[in-house]
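> how would this look folded up:
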Amino acid sequence: MSTPMTPALAHAATPNRTGLVAAARRALVPAHVGIAIVLGLAWGGANALGFWLSDGSHDPPQLVLHFVFEALLPLLLLVPLLALADAITADTPQRVAPYVLAALAAAVGGEALFRTLAPLLGTGSCDCTMDQWPLGSRIANMLPDSLIICGFITAGYCYRKRASRRTARVRTAELDYARLTREMQEARLQAMQACIEPQFLFDTLGDVDRLQREDGKRAIQLIDDLIAYLRAALPHLNATNSTVGRECGLATAYVNIQRLRHDGRPAFEIAIVGDARDAHMPPMLLLPLVDCAVRASLRRADARALGVRVAVEGGLLRIALTAGHDVFTAGGEADEAIGAVRERLRAILGRAARLDVGATDTDSWLTVEMPHEHARMSPPPEPPA
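Model (predicted):
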């Protein structure tokens with residue numbers, strides 16, 4: 001036994017015709033009207049030309065008007081009907097029936113409108129012998145043409161609409177992938193920082209404890225350098241952007257601690273040319289590379305000086321590092337850090353950034369190039385060099 005439907009449920013189950021019409025109005029694209037007019041002119045003109053070439057005409061303008069008017073009506077009617085089909089299938093884009101009905105209604109309705117309006121506009125009779133046919137014969141002759149044309153146009157419209165949806169889905173997936181990649185790179189940034197800092201801090205604090213017993217003056221200097229490093233490093237914990245000045249200050253503070261712990265080794269030079277200090281730079285690009293170069297230098301008695309130069313050249317921010325001959329080359333000790341930095345650059349800047357490595361007989365070098373832009377933030381005071 002079925003339960004009677006209450007008025008509220010009946011109202012909810014009834015399609016909201018006003019909302020459907022409003023949705024169809026929003027889906028209506030003015031450019032489609034222009035396309036319908038162009039297609040109608042072409043279709044009607046082709047029919048008129050074919051009839052004139054086969055049977056001739058005493059009044060060619062009236063002949064053209066007759067066929068063009070007959071072709072325009074179903075196509076102009078098809079435009080709002082397709083918009084209505086779009087509104088009906090908004091939540092179920094795979095449905096085909098509304099578009100089939102739209103094509104049928106446009107073909108039949110256009111022919112009916114023509115038979116009704118043509119006499120009123122003076123296009124109901126011309127040299128076209130088909131105008132003398134009975135109504136049923138006339139409709140049977142012209143309706144298949146309208147059905148075929150409207151059907152082909154509707155099929156093309158549906159194919160294009162589905163292709164646009166697929167393209168939008170692919171673009172959305174690409175954006176999601178890029179977002180996830182960036183999040184992954186930021187997570188790796190934190191992991192890289194976590195790998196550098198704990199062991200480095202433990203070793204430094206151990207050296208402070210040792211130097212307090214051996215050389216109080218150097219212990220105080222090491223504590224001062226550690227404070228400078230922490231002041232530079234702590235803002236990076238949750239930062240996703242930085243400046244050249246901050247990154248170079250962090251690297252300098254790090255190297256100063258290492259030099260104090262290892263009797264002035266390694267030799268280190270850093271130069272920031274012109275206005276590059278205020279340029280935007282992703283965080284934790286420089287320090288991992290400097291860290292690898294420093295550790296490699298400490299293992300060699302004849303290690304060459306580590307150099308860093310940052311400049312703006314030709315609209316690009318260029319960061320150049322030089323170190324021992326096998327530090328930055330393929331298979332060298334910095335391979336992992338270079339790979340991580342290259343991945344972060346690709347995720348953040350795409351093809352706009354590049355990282356190159358090379359070597360001479362005595363040195364190896366690494367350069368990073370990226371678009372130059374001023375930082376959009378006010379950096380905190382930088383630690384003393």
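> what about residue 25, how many neighbours?
Residue 25 has 12 neighbouring residues, counting by other C-beta atoms under 10 Å. Where you see a C-beta, it was placed from the backbone N, CA and C, and this is true even at glycine.
> That one - that's part of a helix, no?
Yes: remark: residue 25 belongs to a helix, assigned using DSSP: H, G, I helix; E, B strand; the rest coil.
> Helices along the stretch 51-200 of the chain, start to end?
Counting by DSSP state H, counting those that start in this stretch, the stretch 51-200 of the chain has these helices, from start to end: 60-88, 97-121, 135-214.
> With respect to residue 338, which of those lies nearest?
Closest to residue 338 of the helices of the stretch 51-200 of the chain is helix 135-214 (C-beta to C-beta; 12.2 Å).
> what is the rounded mean pLDDT of the helix or strand following the closest one?
Using DSSP states H and E, the helix or strand that follows helix 135-214 towards the C-terminus is helix 216-233. Across helix 216-233, the average pLDDT comes to 73.
> roughly how far is helix 216-233 from the heart of the chain?
44 Å (C-alpha atoms, centre = their mean, to the nearest Å).
> doesn't residue 354 make contact with residue 369?
Yes: assessed by C-beta atoms under 8 Å, residue 369 is found in contact with residue 354 at 5.2 Å.
> Compare those two (neighbour count), which wins?
The residue with more neighbours, out of residue 369 and residue 354, is residue 369; 19 against 14, by other C-beta under 10 Å.
> give me every residue that touches the more buried one.
Residue 369 is in contact with 316, 317, 318, 319, 353, 354, 355, counting by C-beta atoms under 8 Å, 6 or more residues apart in numbering.
> Out of those, which end up buried?
317, 318, 319, 353, 355 (16 or more other C-beta atoms under 10 Å).
> tell me the domain boundaries of this protein?
7-177, 215-371 (automatic domain parsing).
> In the stretch 151-300 of the chain, where is pLDDT below threshold?
Scanning the stretch 151-300 of the chain for pLDDT under 70 picks out the ranges 178, 181-203, 205-207, 209-211, 230-240.
> before we move on, what about the stretch 1-150 of the chain?
Those would be 1-17, 55-59, 121-142, if you go by pLDDT under 70 across the stretch 1-150 of the chain.
> change it to 80
Low-confidence segments of the stretch 1-150 of the chain (pLDDT under 80): 1-28, 47-48, 50-63, 66, 91, 93, 115-116, 118-143.
> Just the element for the nearest residue to residue 76 once chain neighbours are set aside, please.
Leaving aside its chain neighbours, residue 76 sits nearest to residue 36 (5.3 Å; criterion: C-beta to C-beta, 6 or more residues apart in numbering). Here residue 36 sits within helix 30-55, counting by DSSP H and E.
> Any idea how far that helix is from the middle of the chain?
The answer for helix 30-55 is 41 Å, by C-alpha atoms, centre = their mean.
> Likewise for stretch 70-85?
That offset, for stretch 70-85, works out to 35 Å (C-alpha atoms, centre = their mean).
> Now for residue 164, how many residues are close by?
10.
> actually residue 101, not the one I typed
Residue 101: 15 surrounding residues under other C-beta under 10 Å.
> separation between it and residue 75?
Separation of residue 101 from residue 75 (C-beta to C-beta, to the nearest Å): 16 Å.
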